[in-house]
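Engineer: make a model of this:
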Amino acid sequence: MSKNDEVAEALAVLKPLDLSLVSLVVFEELPLPVAAEALGISPGAAKVRMHRARQKLRAALPRSLHHVHSPVLKGDPS
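Structural biologist: As a prediction, this is how the structure comes out:
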């Protein structure tokens, strides 16, 4: 299985709202408050959801893909 397949499988464990949030913050590089507004949730809720989504992704990804500099897995943006 390729790394892309493993990442796709890990992303599939996220709830649709959490996947949207991760996509906006990590891949579209929106600030967390802007992504929260776009999704109709509070910045506080977005921060909690982002933290939990990253935990789920860490658990779903093989350890070999836990890169320190991974934008998906690194700490929550302020």
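Engineer: quick one: stretch 49-65 to chain centroid distance?
Structural biologist: 8 Å (CA atoms, centre = their mean, to the nearest Å).
Engineer: I'd like the mean pLDDT over the helix or strand hosting residue 51, please.
Structural biologist: Per DSSP states H and E, residue 51 falls inside helix 43-60. For helix 43-60, mean pLDDT is 94.
Engineer: now do the SS call for the residue most central in space within the chain.
Structural biologist: Nearest to the geometric centre of the chain sits residue 22, at 3.5 Å (CA atoms, centre = their mean). Following DSSP: H, G, I helix; E, B strand; the rest coil, we place residue 22 in the helix state.
Engineer: who touches it in this structure?
Structural biologist: Neighbouring residues of residue 22 by CB atoms under 8 Å, 6 or more residues apart in numbering: 11, 14, 50, 53, 57, 72. C-beta coordinates here come from the backbone N, C-alpha and C atoms, glycine included.
Engineer: list the buried residues in stretch 38-57.
Structural biologist: The neighbour-count check on stretch 38-57 (16 or more other CB atoms under 10 Å) flags 39, 41, 46, 47, 49, 50, 53, 54, 56, 57 as buried.
Engineer: for these, give me TSV that also has distance to residue 30.
Structural biologist: What follows is the buried residues of stretch 38-57, written out as TSV (distance: CB to CB, whole Å):
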residue	distance to residue 30
39	10
41	13
46	10
47	14
49	14
50	12
53	15
54	16
56	20
57	18
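Engineer: thanks a lot, catch you later.
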